[in-house]
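Participant: Please find the sequence and the predicted model below.
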Amino acid sequence: MSPTFRALHVRNYRVYAAGALVSNVGTWMQRVAQDWLVLQLTSSGTALGITTGLQFLPALLLSPVAGVVADRYPKWTVLRCTQVAMAVPAAILGVLAVTGAAQAWHVYVLAFVFGVGTAFDAPARQSFVVEMVGPDDLSNAVGLNSASFNSARMIGPALAGLLIAAGGSGVEATGWVILANAVSYLAVIASLQRLDPARLSPAPVMGSRKGAVREGVRYVRARPDLVLVLSIVFAVGTFGLNFQMTSALMATDVFDKGAGEYGILGSVMAIGSLAGALLAARRERPRLRFVVGAAIAFGVVEIVAGLMPDYLTYALVLPLLGLCALTMITAANATIQLTTEPVMRGRVAALYLMIFMGGTPLGSPFIGWVGETFGARWTLIGGGSLSLLGVAVALAFYAHGREIQRRDVAELVARLRSQHGRRAHLHPAPAGRGGLRLPQRLREHRALGPRHDRDDAPVG
């Protein structure tokens with residue numbers, strides 16, 4: 001089998017990936033239909049922003065708790081529950097729209113409920129992949145998951161647009177599309193039911209205890225490599241990954257184009273994102289330096305995109321921008337999963353998703369203000385520059401943390417030598433007393449997880 005698709009040799013992953021592709025297409029269909037429904041009901045861009053914010057707010061608020069759930073219960077069970085939790089609000093909204101009873105507040109409430117299901121689904125889904133394919137094929141499976149998501153991104157919106165237009169472009173038409181998404185979750189539920197439990201490698205289930213969220217935070221803080229990856233993801237996600245807004249401003253304000261040309265830009269970038277996901281799938285074990293390099297490349301290409309003189313040259317740069325973005329995201333995701341202890345994987349994945357998804361609501365208003373104040377080009381130039389600055393700051397803190405660790409090791413070695421010298425002339429200390437104590441930071445680091453801080457060590 002081609003190295004790009006090697007994870008598909010695992011039967012469980014093949015079955016799961018097929019169901020996930022159907023569900024991803026349905027999800028993108030609902031995004032388009034839900035936005036169109038809000039506009040039909042309110043004719044308000046503000047209402048559209050409220051709906052989007054309510055749908056993503058649970059990921060910011062509930063991700064740490066969702067990570068604990070993913071570590072405390074079997075992920076296979078959690079995923080079956082979350083599929084139902086997402087299908088039910090989609091079905092209710094679809095029925096309300098089809099019957100003509102839908103109101104704006106219905107959409108707000110159901111978007112938030114749908115977001116709660118998504119918040120609990122994401123960490124369990126992220127950490128379940130390694131249980132299906134194992135560590136050797138995890139990087140490839142993560143890349144294929146991204147490829148599936150971006151393939152659906154190209155298919156779903158177009159299909160939703162055709163169905164809404166065929167249904168008369170009204171509220172009822174959006175309802176049928178949303179109902180189609182509700183049905184699509186049956187594909188995931190069916191694929192989960194068809195998995196062979198004997199071929200899964202489930203992580204140890206964490207017992208019920210207090211402080212599980214704090215334990216996950218402490219684990220990450222004791223791992224400089226994870227802190228570096230999460231810091232880079234936060235910087236790029238907050239300031240750089242605002243393509244929907246930046247491309248709209250560039251198309252309308254700079255190049256004087258309409259909705260059709262703006263739509264083309266989204267499709268062109270999706271092609272680059274798909275290529276990036278497939279290229280990332282070919283890498284067996286991404287290294288920490290690969291995450292850093294992809295983030296730097298992204299920042300540089302985003303600045304270049306902001307400098308393009310016309311619509312055509314701007315469109316030609318977007319596939320490269322999408323490729324760099326997906327390469328960085330996929331490598332960071334694989335790094336988080338491969339270098340985390342299995343019992344901590346759900347909580348670390350939840351922190352990753354909270355930082356990645358939670359940064360966008362923080363950065364988007366600022367980047368929008370930059371575009372309004374200095375011009376649309378500066379949304380890209382500024383976003384790329386701030387992404388590069390964030391990477392530089394993260395690297396500086398990473399280097400500082402490694403220097404502290406080296407001092408801890410040097411202190412430990414000095415104490416060992418000193419104690420060895422004393423014991424050569426004096427009687428040994430009584431058992432259990434007078435023993436060597438590790439430096440505080442090193443004790444915490446050893447207690448919370450293995451070391452993964454070498455530059456030349458594979459971390460993904």
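Facilitator: Right, received. Where do you want to start?
Participant: Could you say which helix or strand holds Leu144?
Facilitator: helix 138-166 (DSSP states H and E).
Participant: elements contacting that helix?
Facilitator: Under the contact criterion of 3 or more C-beta pairs under 8 Å, 6 or more residues apart in numbering; DSSP states H and E, helix 138-166 touches helix 11-42, helix 104-133, helix 171-193, helix 259-282, helix 311-338. Backbone N, C-alpha and C define where each C-beta goes, glycine included.
Participant: May I see those helices arranged in TSV, with distance to Thr252, mean neighbour count and mean pLDDT as well?
Facilitator: TSV is the format used below for the helices and strands packed on helix 138-166 (distance: least, C-beta to C-beta, whole Å; neighbours: other C-beta atoms under 10 Å; pLDDT from 0 to 100):
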stretch	distance to Thr252	mean neighbour count	mean pLDDT
helix 11-42	17	21	90
helix 104-133	26	22	90
helix 171-193	25	21	94
helix 259-282	7	19	76
helix 311-338	11	23	88
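Participant: Quick check: which of those helices is nearest to Ser146?
Facilitator: Proximity to Ser146 (C-beta to C-beta) singles out helix 259-282 among the helices and strands packed on helix 138-166, at 3.6 Å.
Participant: how far is the helix or strand following that closest one from where the chain is centred?
Facilitator: The helix or strand immediately downstream of helix 259-282 is helix 288-306, counting by DSSP H and E. Helix 288-306 has its C-alpha centroid displaced from the chain centroid by 17 Å (C-alpha atoms, centre = their mean, to the nearest Å).
Participant: how far away is the most centrally placed residue in the chain from Gly240?
Facilitator: With distances taken as C-alpha atoms, centre = their mean, the chain has Leu353 as the residue nearest its mean C-alpha position (4.9 Å). Distance of Leu353 to Gly240, given as C-beta to C-beta, to the nearest Å: 17 Å.
Participant: Now do whichever strand or helix holds the residue nearest to the centre of the chain: which elements does it pack against?
Facilitator: Taking DSSP H and E as the definition, Leu353 sits inside helix 345-374. Under the contact definition 3+ C-beta pairs under 8 Å, 6+ apart, helix 345-374 sits against helix 45-72, helix 104-133, helix 212-221, helix 224-239, helix 243-249, helix 311-338, helix 377-425.
Participant: could you give me the average pLDDT of that helix?
Facilitator: Across helix 345-374, the average pLDDT comes to 79.
Participant: and what of stretch 142-157?
Facilitator: 80.
Participant: For the residue found closest to Tyr185 once you drop the neighbours it is linked to in the chain, give me the pLDDT.
Facilitator: Excluding its sequence neighbours, the residue lying closest to Tyr185 (C-beta to C-beta, 6 or more residues apart in numbering) is Ala87, at 3.9 Å. Ala87 carries a pLDDT value of 96.
Participant: related to what we said a few turns ago, so the residue nearest to the centre of the chain touches Leu62, yeah?
Facilitator: No - using C-beta atoms under 8 Å, Leu353 makes no contact with Leu62, being 10.3 Å away.
Participant: can you list the domain ranges for this protein.
Facilitator: Segmentation of the chain into domains, based on automatic domain parsing, reads 1-192, 217-424+436-460.
Participant: who wins for proximity to Ala203 among those domains?
Facilitator: Taking C-beta to C-beta, domain 217-424+436-460 is the member of the domains of the chain nearest to Ala203, at 3.6 Å.
Participant: now the helices and strands packed on helix 138-166 in JSON lines, with distance to Met250?
Facilitator: As requested, those are arranged in JSON lines below (distance: least, C-beta to C-beta, whole Å):
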{"stretch": "helix 11-42", "distance to Met250": "20"}
{"stretch": "helix 104-133", "distance to Met250": "28"}
{"stretch": "helix 171-193", "distance to Met250": "28"}
{"stretch": "helix 259-282", "distance to Met250": "8"}
{"stretch": "helix 311-338", "distance to Met250": "6"}
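Participant: Mind checking those helices for the one nearest to Ala97?
Facilitator: helix 171-193 (2.8 Å).
Participant: same for the closest one, what does it pack against?
Facilitator: Short answer (3+ C-beta pairs under 8 Å, 6+ apart): helix 171-193 packs on helix 11-42, helix 75-98, helix 138-166.
Participant: what about Phe366, distance to Phe374?
Facilitator: 12 Å.
Participant: Please apply the same query to Leu228.
Facilitator: 31 Å.
Participant: cool, and Gly161?
Facilitator: Relative to Phe374, and taking C-beta to C-beta, Gly161 is found at 34 Å.
Participant: picking up where we left off before, quick one, which of the helices and strands packed on helix 345-374 gets closest to Leu8.
Facilitator: helix 104-133 (9.4 Å).
Participant: Against which helices or strands is the closest one packed?
Facilitator: helix 11-42, helix 45-72, helix 75-98, helix 138-166, helix 311-338, helix 345-374.
Participant: Make TSV out of those and add distance to Phe255.
Facilitator: Output for the helices and strands packed on helix 104-133, formatted as TSV (distance: least, C-beta to C-beta, whole Å):
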stretch	distance to Phe255
helix 11-42	23
helix 45-72	21
helix 75-98	35
helix 138-166	21
helix 311-338	4
helix 345-374	14
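Participant: Just give the closest residue to Ile155, not the sequence neighbours.
Facilitator: Spatial nearest neighbour of Ile155, excluding adjacent residues (C-beta to C-beta, 6+ apart): Val25 at 5.3 Å.
Participant: From Met132, how far out is that neighbour?
Facilitator: For Val25, the distance to Met132 - C-beta to C-beta - is 21 Å.
Participant: and what of Leu192?
Facilitator: Distance from Leu192 to Met132, by C-beta to C-beta: 11 Å.
Participant: Which neighbours do the two have in common?
Facilitator: Tyr16 (C-beta atoms under 8 Å, 6 or more residues apart in numbering).
Participant: Tell me, how many residues neighbour Ile232?
Facilitator: 27 (other C-beta atoms under 10 Å).
Participant: Please look at it and Ile329 and confirm they touch.
Facilitator: No - the criterion here is C-beta under 8 Å, and Ile232 misses it with Ile329 at 10.4 Å.
Participant: quick one: contacts for Gly100?
Facilitator: Val171, Glu172.
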